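*Asks:* I would like the atomic coordinates for the input below:
(2 chains)
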Protein chains: 2
Amino acid sequence: MTIQTKHNFGAGPCILPASVLEQAAEAVKNWDNSGLSILEVSHRSPKFEEVVVKTEALVRELLEVPEDYAVLFLQGGASTQFSMIPQNFLQKHQKAAYTDAGLFGEKSIKEAKYFGEVEVVGSSAGEGYSRIPEMGTITKDTAYFHCTSNNTIEGTEMFSFPELDIPLICDMSSDIFSRVIPIDQFDLVYAGAQKNMGPAGMTLVLVKNELLDTVKHPVPSMSDYRIYRDNQSMFNTPPVYSIFVAMLNMQWLKSRGGVAQIEKENIAKAALLYAEIDRNPLFYGMAVKEHRSRVNICFKMYDQAKEEDFLSFATERGMVGIKGYRTAGGFRASLYNALQIDSVKALVGCMQDYEKQHGNN
Amino acid sequence: MTIQTKHNFGAGPCILPASVLEQAAEAVKNWDNSGLSILEVSHRSPKFEEVVVKTEALVRELLEVPEDYAVLFLQGGASTQFSMIPQNFLQKHQKAAYTDAGLFGEKSIKEAKYFGEVEVVGSSAGEGYSRIPEMGTITKDTAYFHCTSNNTIEGTEMFSFPELDIPLICDMSSDIFSRVIPIDQFDLVYAGAQKNMGPAGMTLVLVKNELLDTVKHPVPSMSDYRIYRDNQSMFNTPPVYSIFVAMLNMQWLKSRGGVAQIEKENIAKAALLYAEIDRNPLFYGMAVKEHRSRVNICFKMYDQAKEEDFLSFATERGMVGIKGYRTAGGFRASLYNALQIDSVKALVGCMQDYEKQHGNN
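*Replies:* Modelled structure (predicted):
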């Protein structure tokens, strides 16, 4: 029996594999026959320290993280990184280059301005964030370049990254673990867990030690990446359960063949849904084709008045979480790793059935 | 069948009620018959928004939080509050008064120094933190006074709080919900969840709106209490599962009669264990009697060489988490709300049995 009875297209927190949820539930009752729940064990117990070690090893293996990068588990989501990054790497007299490719890019820019100067070197705001912006020139005196690899709300994704002489920092919250990305091209990568990694409450940071060595000014402990690195992410009590479930989820991903294999499946899932969006005369895609996200697929109906009705129609058929973000409108189907292609087929079926019933109205 | 087969005296993350763990596990599989796991629902879904509303209402009811206080759910633990508090309420040209009553007091002082001047108005460091320090004079130009109500590592607890003309801020991580404390005496109270509130990954902050109104300088969003207040703690993705389990745990506490009732039970549990520590010729308490914590009970053996043997003896009999903190040594039994008096009796039994077997060696 599978746990899910719904097709969960939610943008995050999002679908997790049924087998992971089974193990995650069992550990809440009795973790590994310890007679204790995973929720009530000390983070300093050898058994939990082993979880942290295993989780780090899985991150390193699945993402091919180079040796000279630290793998850190933090709290506060990507939003906390928006300020922690400039707090560590941008001083008052310096400037950093940011791209503005969506709502989260905008937010990252706003937070950086508390710490130093921000130069927006590319923005697609004028085009409704329907594309990845063209990038302007970045001067050598720039502290770092920041971009967002996948725009969860707007449904666009970067398929190439600039090669620069300055540190490259990337918010990969919504596409990390969904496709092969060479981590060694970046100096710092971060991601909220609640997409392809695990439940909400944990943030992954991969950071090159060389970048950390450049920090010379005082930084409060909980904002200092070096404190996390030097304490194996356990300077204080970490988000125990979120890390544990992330470990289970990464074990699942490994057993499924790893990131390269899941990427193939993700490409197939996205292709199936975009094909229907392009074929079906009722719907159209919101992003320009060359920047269409494989993760968050945003589409609208030509007849906007029908959108509410289609939402009900799909919801009755078990589709969950397909309503677009409030500022974007329309629909958004998120095709995270745990979502099976049968769920995409079910959504495509809804779109086709709706076309049959309502296409000529 | 109870879930726990052990007597869990861990200092945190710590014991939770068996019935809470049952519900917490079920929701990971299928939350409230929704066909979805609590780990994979959107934090913006009406069902989860209801959880946040209910959790806030339970906090207000159980702790009798006045109307003009905000109830906030954050991430990052009490350690993040150590810097967030001065970041909001202490400017470079100002000073704040801190007490130094243990390791966490020390840490809070260290972080405050990044933001302004710190005056330590009381310290028991010279007495090995075996007592709550006497408090010196606090001048009116002090931004706020900070104290720790219960010292988790050193086993001391404050049973009275100063009445001051300046804001009173208190770290109540380890005794909140364990006893009746009039919140209206304080301007800001904070607590990591992983003691009497729920699993690790969530931090509770109760803060008087009047104090928030004094903040006039720019504060990065994720460090700004007003952002949490104005967004019902959901400016970004909150720690969904930690909040959910905290709600279950507070429902349990309410059904048990609330804080006043559990306080009586906690007094009885602590009295039972301290009585044995005082009676048993092998053991002695580490804190001075008038400041003994009811929550974290720290004790040693007169013959230190026997401590490892007693630890094994007790562990074989199902006691978990009684080893003292590494810098404190000896033993620490934490008697959180969910720990039943039968567990305390079991520990007392161990101490008595050990005395019989080894007392004359």
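*Asks:* what residue ranges in the stretch 1-150 of chain A score low on pLDDT?
*Replies:* A:1-4 (pLDDT under 70).
*Asks:* hey, where'd the strands end up in it?
*Replies:* A:7-8, A:69-74, A:95-100, A:117-123, A:142-148, A:150-151 (DSSP state E, counting those that start in this stretch).
*Asks:* and the next helix or strand after the last one, what does it pack onto?
*Replies:* This means strand A:150-151. Counting by DSSP states H and E, the element after strand A:150-151 in chain order, helix or strand, is strand A:156-157. Helices and strands touching strand A:156-157, as assessed by 3 or more C-beta pairs under 8 Å, 6 or more residues apart in numbering or on different chains; DSSP states H and E, comprise strand A:150-151. Any C-beta I mention is one placed from the backbone N, CA and C, and that applies to glycine too.
*Asks:* now tabulate the strands of the stretch 1-150 of chain A in JSON lines and tack on distance to residue B:294 and mean neighbour count.
*Replies:* Conversion of the strands of the stretch 1-150 of chain A to JSON lines gives the following (distance: least, C-beta to C-beta, whole Å; neighbours: other C-beta atoms under 10 Å in any protein chain shown):
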{"stretch": "strand A:7-8", "distance to residue B:294": "45", "mean neighbour count": "25"}
{"stretch": "strand A:69-74", "distance to residue B:294": "33", "mean neighbour count": "22"}
{"stretch": "strand A:95-100", "distance to residue B:294": "50", "mean neighbour count": "24"}
{"stretch": "strand A:117-123", "distance to residue B:294": "51", "mean neighbour count": "18"}
{"stretch": "strand A:142-148", "distance to residue B:294": "49", "mean neighbour count": "25"}
{"stretch": "strand A:150-151", "distance to residue B:294": "50", "mean neighbour count": "29"}
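*Asks:* between the ones you listed, which one is closest to chain B.
*Replies:* With C-beta to the nearest C-beta as the criterion, chain B lies closest to strand A:7-8 of the strands of the stretch 1-150 of chain A, at 5.9 Å.
*Asks:* related to what we said a few turns ago, quick one: closest of the strands of the stretch 1-150 of chain A to residue A:165.
*Replies:* Proximity to residue A:165 (C-beta to C-beta) singles out strand A:142-148 among the strands of the stretch 1-150 of chain A, at 9.4 Å.
*Asks:* which ones are touching residue A:201?
*Replies:* A:75, A:193-194, A:239, A:241-242, B:75, B:201-202, B:239-242 (C-beta atoms under 8 Å, 6 or more residues apart in numbering or on different chains).
*Asks:* quick one on the thing from earlier: what about the strands of the stretch 1-150 of chain A, which gets the closest to residue B:169?
*Replies:* Closest among the strands of the stretch 1-150 of chain A, once you apply C-beta to C-beta, is strand A:69-74, at 24.5 Å.
*Asks:* pull up the pairing partners for the closest one, direction included.
*Replies:* strand A:203-208 (antiparallel) (DSSP bridges).
*Asks:* I'd like the average pLDDT over the partner strand.
*Replies:* Mean per-residue pLDDT for strand A:203-208: 98.
*Asks:* equivalent analysis for stretch A:294-305, please.
*Replies:* So the average pLDDT for stretch A:294-305 ends up being 98.
*Asks:* contact partners of that stretch?
*Replies:* A:11, A:150-155, A:157, A:174-175, A:178-179, A:195, A:266-267, A:269-270, A:273-274, A:277, A:281-287, A:307, A:310, A:324, A:328-336.
*Asks:* give me the buried positions along stretch A:206-222.
*Replies:* Using 16 or more other C-beta atoms under 10 Å in any protein chain shown as the test for burial, stretch A:206-222 gives A:206, A:207, A:208, A:211, A:212, A:219, A:220, A:221, A:222.
*Asks:* residue contacts, the closest residue to the first one other than its chain neighbours?
*Replies:* With C-beta to C-beta, 6 or more residues apart in numbering or on different chains as the criterion, residue A:206 has its nearest non-adjacent residue at 4.5 Å, and that residue is residue A:189. Listed by C-beta under 8 Å, 6+ apart, the contact set of residue A:189 reads A:169, A:170, A:172, A:176, A:183, A:205, A:206, A:207.
*Asks:* quick one: residue A:207 and residue A:225 touch, right?
*Replies:* Yes: when contacts are counted by C-beta atoms under 8 Å, residue A:207 is listed as touching residue A:225 (5.7 Å).
*Asks:* tell me, what's touching those two both at once?
*Replies:* By C-beta under 8 Å, 6+ apart, residue A:207 and residue A:225 have these common neighbours: A:70, A:72.
*Asks:* now residue A:312: which helix or strand?
*Replies:* Counting by DSSP H and E, residue A:312 is part of helix A:307-316.
*Asks:* and the contacts of whichever helix or strand comes after that helix?
*Replies:* Proceeding N to C from helix A:307-316, the next assigned helix or strand is strand A:319-320, under DSSP H and E. The contact list for strand A:319-320 (C-beta under 8 Å, 6+ apart) reads A:6, A:7, A:8, A:9, A:10, A:346, A:347, A:350, B:36.
*Asks:* chain center to strand A:319-320: distance?
*Replies:* With C-alpha atoms, centre = their mean, to the nearest Å as the basis, strand A:319-320 stands 20 Å off its chain's centre.
*Asks:* partners of it, with directions?
*Replies:* strand A:7-8 (parallel).
*Asks:* what sits closest to the residue of the stretch 251-361 of chain A found nearest chain B if chain neighbours are left out?
*Replies:* As assessed by C-beta to the nearest C-beta, chain B sits closest to residue A:321 within the stretch 251-361 of chain A, at 6.1 Å. Closest residue in space to residue A:321, ignoring its immediate chain neighbours: residue A:10 at 3.1 Å, by C-beta to C-beta, 6+ apart.
*Asks:* look up how far residue A:332 lies from that neighbour.
*Replies:* Separation of residue A:10 from residue A:332 (C-beta to C-beta, to the nearest Å): 9 Å.
*Asks:* which phi and psi does residue A:331 have?
*Replies:* Per-residue torsions, residue A:331: phi -130, psi 150 (degrees, to the nearest 10).
*Asks:* report the secondary structure state of the most centrally placed residue in chain A.
*Replies:* Chain A has residue A:174 as the residue nearest its centroid, 1.9 Å off, counting by C-alpha atoms, centre = their mean. When classified by DSSP: H, G, I helix; E, B strand; the rest coil, residue A:174 comes out as coil.
*Asks:* so who does it touch?
*Replies:* Residue A:174 neighbours (C-beta under 8 Å, 6+ apart): A:11, A:12, A:150, A:151, A:152, A:191, A:195, A:196, A:295, A:296, A:334.
*Asks:* then residue A:327?
*Replies:* A:103, A:153.
*Asks:* ditto for residue A:341
*Replies:* Counting by C-beta under 8 Å, 6+ apart, residue A:341 has contacts A:265, A:268, A:269, A:272.
*Asks:* contacts for the lengthiest helix in chain A?
*Replies:* In chain A, taking DSSP state H as the definition, the longest helix is helix A:258-279. Applying C-beta under 8 Å, 6+ apart, the contact partners of helix A:258-279 are A:62-63, A:177-180, A:253, A:256, A:283-285, A:292-295, A:297, A:299, A:333, A:335, A:337, A:339, A:341, A:344-345, A:347-348, A:351-352.
*Asks:* what about 7 Å?
*Replies:* Outside helix A:258-279, the residues that touch it by C-beta atoms under 7 Å, 6 or more residues apart in numbering or on different chains are A:62-63, A:177-180, A:253, A:256, A:283-285, A:292, A:294, A:297, A:299, A:333, A:335, A:337, A:339, A:341, A:344, A:347-348, A:351.
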